[in-house]
Structures are given as C-alpha cells and as structure tokens.
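In: please work out how this folds:
(chains A and B)
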Amino acid sequence: MTTYSRCKGGTTMSERYEDSYLYRLRHSAAHLMAQAVQELHPQVKLSIGPPIENGFYYDIEFAEPIHEEDLTAIEKRMKELSKLDQRIQRMEVTREEAKQLILDSTIPGMGAETSEYKLQLLEAIPEDQVISFYDQQRTDREGTLHRFLDLCRGPHVDSTKEVKNFKLMSIAGAYWRGNVNNKQLTRIYGTAFETPEELEHYLHLLEEAKRRDHRVLGKELGLFMFSPRVGTGLPLWLPKGATLRHVMTDFLQQEQLKRGYQPVVTPHIASIKLYEKSGHIINYRDKMFPFMEDEDGDKDTYILKPMNCPFHIEIYSSQMRSYRELPVRYAEFGTVHRYEQSGEVTGILRARGFTQDDAHLFVTPDQLQSEFIGVVDLMQTVLNKLGLTEFRVRVGTKDPSSDKYVGHDDNWTAATNAITEACDKLGLDYEVSPGDAAFYGPKLDLIIKDALGREWQMGTVQVDYNLPERFELEYIGEDSKPHRPIMIHRAPFGSLERMIGLLTEQYAGAFPLWLAPTQISILPIADRHFEKAEEIASELRSRLFDTRPLRVNVDDRRETLGKKIREAQLQKVPFMLILGDRGLEENTVGVRSREDGDLGEMRLSDFLEKLV
RNA sequence: GCCGACGUAGCUCAGUGGUAGAGCAGCUGUUUCGUAAACAGCAGGUCACCGGUUCGAAUCCGGUCGUCGGCUCCA
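Out: Got it, this is the predicted structure:
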C-alpha cells in the first residue's frame, strides 16, 4: 500500500504526481464538481473525471447545452457541498454488485437512463482488477440521506471539506473515449490546490504566460502578422521576423554543409501524378489544400505541396546511382502547405503554410545506423545552440489497429528497430508511442512545451523503406546489381515557424545576441548627434558577428533619451549605444545592456571587443 | 470540423436599448534633453460583416467571417 505524504506545492521531489495528495485532491474536486452538476442538472450522464497536470476535468453529457455562465452556479454549489464535510468512502464490490449499483435508480444519478457511460466503463475493467466505487454522503436536518456515488478507481481525499481552493476554468467539447465517431460530451475543466495562495499563484502564472505568448510578442516585437485577407494560418513575416529566419537558416545551413549535405530547391506545386505515386493522394488528401483543377480539362491538375519528399526523390532517381555516391543528403528549406482544421491553427506554432528545415538522406542498409546517429548528433548541436534544454524524445511507431499506414510490416519492423537500436546506442532517454508514426514510416520526435504548457512536436527523424519502394529507387551496389536505398527524412527545427514561435516564448522575446533581430540600437541624444550616430552604425554594420553583418539601427526620432531607452528596452534590443556631446568630444559611446543596464562610457573598439 | 468564449480607433481597453469614449501610437507645433514615457493642439470609428426585432441597436435575436480555450489531428 502506498503511503501519501502531504506537502506544500503538491509533490515532493521523490514523489510522483500520481501518488501525491494534490492528485487525490484534484480527483476529489472532479467528483465534487460532478456531484454539484448532478444536483443542478439531474438528467446528466457522467462519464470520466480524472485529475490532469494542472487540475482536473469531468466529461458529462448534458440534456441542454451549458454555457460558461453556468459555471458560476456549479462553483457555488461545490463550495456549499464542500462545507457539508461529506465523508468520501471507498467501497469494493463484485462486477455483479457494481452493475446493480449503477442501475439502481433509487441512488441519485444512478439508473438505466443516466448510466450508459458508466456501464461501458465497467465492461472495460479487466477481469482481474478490483472494482471500486467512491461514495460521498450526508444526512440533512430533516434526516434525508444525500449521496453521490461514482464508479472510480480512486484514490480520493477523506472528506469533501478538503476540496476548497478550486476554480472552474472552461468548457470544451470532448469525444467519448477520444473518438471522433463517438458522441461529443461536454468537458468542464477546473483546477484545485491545497491552499488559496497556491491557487492564486497558479492563476497569476497563467496571466504571466499570456504575456510571453508568441502571438502577443510576435505583434509587439514586429516579427510576423496575419491578415484575414491573406487567409487563416498564413503568416506574413515582418522585417524583424524575417531576419530571425535568415539567422536561423544560415546557422543550420552551415552546420549541414559541414556534414556533407547538398542544397536543392524545388517548386511549390507539382502535378497530381507525383503525389499519386507517393501515396499522398490516398493517405493525406484531407490535409491538403484544394487541388488546382482545370475546369476545361485541358491542363493537368496541380497540387500545392504538403511535403517535400517526392521532389527530392525525383532528383535522386533522375540518374543512375552508385553505392559510391551514397549517402546522398539533399537539404532544402522547403515551404509546404497543409489545410489544418480551422480549430487547430495556433499562431505560427501551427500554421497552414510553413517552412520545414527539411532534408532527405538516401542510404544503404549498412549506412542507416551511422547516418541516423549523425542526424541525432546534428539535432543535439542545434538544440544546444538554441539553448533548448527541456524536451522529450518520442519514438512514434505504427498503431497496429489502424489502416492509415503504407508499406509492408517487414519494412516497418526494420525501420522501427533501426531507430530504437540507434537510440539505445546513443543512450537517449526516449519513450515509445504507438500510433504516432508518419503514414510512411516510424519516427523519432522532439517534443517541447510552449508558454501555456502545451506540447509541440519539433524536430523529427523518420526512417522510410516505403517511399523508395513506391518510387522504385535504386543504387548499383558493389556486386553490380541494383539495390534499394533507405530514406531518412529529417528536420532538426521541425519548422522555422514552430521553432521561432517556441523560442520567442522560451526567451520571452529577449533573444540571445546571435539571434536578436536588432542587436544594437544607437540612441543619439540630440539632432547634432545624428550624423555621428549614422557613422557609427555603418562602421558596426561592416563588422561580422557570427558570419553576418551586425544588425544595428539608429533611433533618430526627436524624442527624449529616456523614451528611446524605454522603447529599445521593450523591444528587447541586447545593446544600446548612447551618443551625446561627451561621445562627440571623447569619441566614446555610453553602453547600456538589456540585462545589466548602464555599463558606462567606452570606445567603440572596446565595446566591439566586449561583444565577442 | 466539433464544443465553449470573444470581436468597439493602428494597439490596450471602457461603454447593456436613447447623440461613440480613454490611454498609448499617429499628425502639427514647442522643447535639443545623459540611462525605462517632455508639453500642447489636431485628427482618427459603417462599434467584424449580413439580416432581423424595435420609434430607436455597439447593446437584443439569427447567420457569416475572424480570433481565443479545448477535443480530434499534426511540423
């Protein structure tokens, strides 16, 4: 039997969240909410109500749709029920007793009309597992027994009075058992903590997180924009954002050149024939933009590309390949378009048009493992340079029960083994996730959280035996006979859009010097300093930093110094150079850093030395 | 796509049935200033769009579009 320790902040270092008091508290909060809902709306059908990372939810089928204002009443009822100090008691029962309880219409909330989900849950419980209910009861002044009984594995806290620092957050639709073909239930999200301070603190953190949201910062810092006239999920990159893209692509390009990649460039559209051959038309059609079909039928049908691979394959297969050429590594910052569902588009973290830092490696079976390891090494270099340390590694494999995949099982097995063996060899800490493969092969993904704690798939490496087969790719081996190469698809950033969105949130817009769209802002104090300021700017722009000219701007508005500093600070410019009479006379600048404030007067050459 | 919420000036927001408001940004003028917002004046809006209810709609109702939080799906 597990013992539970109580501690401030929910969990101790050594304790899993699932074993914590906070976890039980939130689970009980879900039950308390269900009880309140059931009293206010007696015809509801309850389904499941688990604790989650920052709170809890309960999925409920309502007879009438409910709205956010209804949450106030539910919250109020929860507070009342909490104070009644109902004991929460566990009952273990046999399967038959469980069924009788669920169908017993004399117990509030139970009975055949409202228990379809509970019955399904009961059926899903394995034979060898204990079946338990949790019962919260009280007797009112008139002596009437009130009761909330729920089929539940538990565990829970001892009394409803422990659940008092909570807040209902939002309403959402959620499909029963996560399946789109099932009925959509109403999910109510809430959060709960042990103390009012912790609850306040959490709500405060949420507010803070909103301020580092990449959509907010993207607007404030002038990185990118959207226009309804252009279309949902189609970002327009502003000068500063475009600069960021260039810095990032230059960096990666150079890393790739060092590793023997070759650049290629391919079109944005292709004849439908290409994608029929690749299998995208069958497997990916619903994610593609509408096809460009000629009404008169005179012209071929064209497709806006959702992936770059078929183009790179065409280049590979355009001539005979010898084993001596392999591995062939074609790299392209390839812009693709995918028609994401309208409810899924999220700023530049999930856009409908985005640029992958894509490459395709064509390798012999002998080379597969070392090339795979080389790719993982590149990804580590990239993560390191970008300063990303918090990520999860996921190996996405085929879901055996789904038919959305192409290719033979042998190939899938070989590819999956290649990935896991390489990971084991590298000592990577990864988890295997069935159903998260691409339709053509298994993959290794890096998962990173955004400001609001949502997880995003970033970099990816995919081993693919299937497209080479569909396109009948070959190389001539040492034995003078044709062999089939294996493909590795890989993107260390994942996409520029998603990576920039994430970096923006990670750094709260204060990009490190090498990434900052404006690295230095020169702030002349009065008109008579403008000319010299421009001179210094050109001088700085002629210097290379990280292989690129320094990015410098001059704030030549007729504003006070205080205002110029404030705005440069809000724009998160790493360095400000203040130029006034002192600077003209002594040939110096006042240096101010974004982080450390005033660094004093110094000669330009000294400042430049300090930069590197 | 589905469930819920929101849409007022370039931005952030106030305005719940009776003549559209504030701060910042913009423009004009004054100020030429040393480390996070100078001062004054001016201008700026089919209250997302379309339709309805009403003597009268930013406000109430319906639809469309867009955005946000989820679900499903994904880089």
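In: the helix or strand hosting A:Thr335 close to RNA strand B?
Out: A:Thr335 is located in strand A:328-337, with elements delineated by DSSP states H and E. No. Remark: strand A:328-337 sits outside contact range of RNA strand B, by C-beta under 7 Å from any atom of the strand, the gap being at least 8.3 Å. Quick note: C-beta positions are derived from backbone N, CA and C, even for glycine.
In: what about the helix or strand that that strand is followed by, average pLDDT?
Out: Using DSSP H and E, the helix or strand that follows strand A:328-337 in sequence is strand A:353-363. Strand A:353-363 carries an average pLDDT of 97.
In: in its sheet, which strands sit next to strand A:353-363, and in what direction?
Out: strand A:328-337 (antiparallel), strand A:486-491 (antiparallel) (DSSP bridges).
In: just the element for the residue nearest the centre of chain A, please.
Out: Centroid-nearest residue in chain A: A:Trp456, 1.6 Å away (criterion: C-alpha atoms, centre = their mean). Using DSSP H and E, A:Trp456 sits within strand A:455-464.
In: sheet partners, orientation included, of that strand?
Out: Strand A:455-464 has these strand partners (DSSP bridges): strand A:443-449 (antiparallel), strand A:486-491 (antiparallel).
In: before we move on, back to that, what confidence value was assigned to the residue nearest to the centre of chain A?
Out: Value for A:Trp456, per-residue pLDDT: 95.
In: please apply the same query to the one 5 residues further on.
Out: As summarised for this prediction, A:Val461 has a pLDDT of 95.
In: show me the contacts for it.
Out: A:372, A:375-376, A:379, A:419, A:443-444, A:488-490 (C-beta atoms under 8 Å, 6 or more residues apart in numbering).
In: out of those, flag the one nearest to RNA strand B.
Out: Nearest to RNA strand B among the contacts of A:Val461 is A:Lys443, at 7.3 Å by C-beta to the nearest atom of the strand.
In: close to RNA strand B: what parts of the stretch 151-300 of chain A are there?
Out: Proximity of the stretch 151-300 of chain A to RNA strand B, by C-beta under 7 Å from any atom of the strand, involves residues A:170-175, A:178-180, A:184, A:186-187, A:189, A:213, A:215, A:219, A:226, A:228, A:231-233, A:287.
In: before we move on, back to that, looking at the strands paired with strand A:353-363, which is buried most?
Out: strand A:486-491 (a mean of 26; mean count of other C-beta atoms under 10 Å).
In: in the helix or strand just after that one, what's buried?
Out: For strand A:486-491, the succeeding helix or strand toward the C-terminus, using DSSP H and E, is helix A:496-506. For helix A:496-506, burial by neighbour count (16 or more other C-beta atoms under 10 Å) applies to A:496-506.
In: touching RNA strand B at all, helix A:496-506?
Out: Yes. Contact of helix A:496-506 with RNA strand B (C-beta under 7 Å from any atom of the strand) involves A:497-498.
In: that helix packs against which elements?
Out: helix A:214-220, helix A:239-258, strand A:353-363, strand A:455-464 (3 or more C-beta pairs under 8 Å, 6 or more residues apart in numbering; DSSP states H and E).
In: which pLDDT value belongs to A:Glu314?
Out: 97.
In: on that earlier part again, got a list of contacts for the helix or strand following the strand holding A:Trp456?
Out: Proceeding N to C from strand A:455-464, the next assigned helix or strand is helix A:466-470, under DSSP H and E. Helix A:466-470 is contacted by residues A:277-279, A:309-310, A:313, A:362, A:406-408, A:411, A:440-441, A:473, A:484-487 when judged by C-beta under 8 Å, 6+ apart.
In: distance from helix A:466-470 to the middle of the chain?
Out: Offset of helix A:466-470 from its chain centre (C-alpha atoms, centre = their mean, to the nearest Å): 30 Å.
In: what's in contact with the host helix or strand of A:Tyr189?
Out: Assessed by DSSP H and E, A:Tyr189 sits inside strand A:184-193. Outside strand A:184-193, the residues within contact range by C-beta under 8 Å, 6+ apart are A:10, A:22, A:25-26, A:29-30, A:33, A:37, A:47, A:54-62, A:65-66, A:71, A:74, A:163, A:165-176, A:199, A:202.
In: now distance to RNA strand B too, for the contacts of A:Val461, in a markdown table please.
Out: Shown next, in a markdown table, are the contacts of A:Val461 (distance: C-beta to the nearest atom of the strand, whole Å):
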| residue | distance to RNA strand B |
| --- | --- |
| A:Phe372 | 17 |
| A:Val375 | 14 |
| A:Val376 | 15 |
| A:Met379 | 12 |
| A:Ile419 | 15 |
| A:Lys443 | 7 |
| A:Leu444 | 11 |
| A:Ile488 | 14 |
| A:His489 | 9 |
| A:Arg490 | 10 |
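In: just the CA trace of stretch A:136-154, in PDB.
Out: Provided in PDB are the C-alpha atoms of stretch A:136-154 (Å, rounded to 0.1, in the frame of the first residue of the first chain):
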ATOM      1  CA  GLN A 136     -19.900  10.800  -0.500                       C
ATOM      2  CA  GLN A 137     -22.800  11.000   1.800                       C
ATOM      3  CA  ARG A 138     -24.500  13.300   4.200                       C
ATOM      4  CA  THR A 139     -27.800  13.500   6.100                       C
ATOM      5  CA  ASP A 140     -29.600  16.800   6.200                       C
ATOM      6  CA  ARG A 141     -31.600  18.400   9.100                       C
ATOM      7  CA  GLU A 142     -34.700  16.600   8.000                       C
ATOM      8  CA  GLY A 143     -32.800  13.300   8.200                       C
ATOM      9  CA  THR A 144     -32.800  12.700   4.500                       C
ATOM     10  CA  LEU A 145     -29.800  10.900   3.100                       C
ATOM     11  CA  HIS A 146     -27.900  12.700   0.200                       C
ATOM     12  CA  ARG A 147     -25.400  10.700  -1.700                       C
ATOM     13  CA  PHE A 148     -23.000  10.900  -4.600                       C
ATOM     14  CA  LEU A 149     -21.800   7.600  -5.800                       C
ATOM     15  CA  ASP A 150     -19.300   7.100  -8.600                       C
ATOM     16  CA  LEU A 151     -17.500   4.100 -10.200                       C
ATOM     17  CA  CYS A 152     -13.900   5.100  -9.700                       C
ATOM     18  CA  ARG A 153     -10.500   3.500  -9.100                       C
ATOM     19  CA  GLY A 154      -9.600   6.300  -6.800                       C
END
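In: mind listing what's buried along that stretch?
Out: Neighbour-count burial for stretch A:136-154 [16+ other C-beta under 10 Å]: A:136, A:147-152.
In: excluding covalently adjacent residues, which one is nearest to the residue in the stretch 401-550 of chain A that RNA strand B sits nearest to?
Out: Here the stretch 401-550 of chain A gets closest to RNA strand B at one residue, A:Ala526, 3.0 Å apart by C-beta to the nearest atom of the strand. Once flanking residues are discounted, A:Ala526 sits nearest to A:Gly580: 7.2 Å by C-beta to C-beta, 6 or more residues apart in numbering.
In: circling back: dump the strands paired with strand A:353-363 to TSV, plus mean pLDDT and distance to A:Asp546.
Out: Output for those, formatted as TSV (pLDDT from 0 to 100; distance: least, C-beta to C-beta, whole Å):
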stretch	mean pLDDT	distance to A:Asp546
strand A:328-337	97	18
strand A:486-491	96	22
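In: sorry, back to before: now do the strand holding A:Thr335 and helix A:496-506, the angle between them.
Out: Interaxial angle of strand A:328-337 relative to helix A:496-506 (axes from the mean of the first three to the mean of the last three C-alpha atoms, to 10 degrees): 80 degrees.
In: which residues touch strand A:328-337?
Out: A:249, A:253, A:256, A:259-266, A:268, A:288-289, A:304-308, A:311-312, A:315-316, A:321, A:352-362, A:496.
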